[in-house]
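Participant: generate a structure from the sequence data that follows.
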Amino acid sequence: MGMIDYHDSRPIYEQIAEWYKGMILKGVLSADEKLPSVRKLAMDLSTNPNTVQKAYGELERQGFIYTVKGRGNFVRENDSLREEKLEELKAEMIDLLSQARDLGVDLTEFVRQAVLQTEEKEVNQDDQV
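Facilitator: Coordinates of the predicted model:
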């Protein structure tokens, strides 16, 4: 599945939650789609069920999933979550561009270089898979 990196300093539950958030925000997981049971995911990842439960609890607290007693965990409608994330990213980008401009950087060239480096990084990641 690729959701856990044992070299990552973040706790495993955070990595699981971040992976699911990414899948939900990208639209890979759709609204009302059932997530694997805590026990199944724990077995698949060879981790403790409490770790998976903590990740699911965090996802629920942040509004990404909801729980139906006796039935499992499901993806919450995510359009507003995606919009919120895009607004957050836009604010971060504005801050970064302001910092670059304060350093006297040509913003057009700065953004062009960032896009090129992002594309190179994606190609390298695809080659590693």
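Participant: domain assignment for this structure?
Facilitator: Domain segmentation of the chain under automatic domain parsing yields 12-77, 80-128.
Participant: ranking those domains by burial, who's on top?
Facilitator: domain 12-77 (a mean of 16; mean count of other CB atoms under 10 Å). Any C-beta I mention is one placed from the backbone N, CA and C, and that applies to glycine too.
Participant: among the domains of the chain, which gets the worst mean confidence?
Facilitator: For these, the stretch scoring lowest in mean pLDDT is domain 80-128; its value is a mean of 86.
Participant: which of the domains of the chain sits closest to Asp5?
Facilitator: Closest to Asp5 of the domains of the chain, according to CB to CB: domain 12-77, at 6.5 Å.
Participant: Leu86 versus the residue nearest in space to the middle of the chain, what's the distance?
Facilitator: Closest to where the C-alpha atoms of the chain average out (CA atoms, centre = their mean) is Gly22, at 2.9 Å. Computed as CB to CB, to the nearest Å, the Gly22 to Leu86 distance reads 14 Å.
Participant: ditto for Ser98
Facilitator: Distance, Ser98 to Leu86, using CB to CB: 19 Å.
Participant: contacts for the top helix by length along the chain?
Facilitator: Identified as the longest helix of the chain according to DSSP state H is helix 79-102. Helix 79-102 is contacted from outside by 24-25, 27, 63-64, 107, 110-111, using CB atoms under 8 Å, 6 or more residues apart in numbering.
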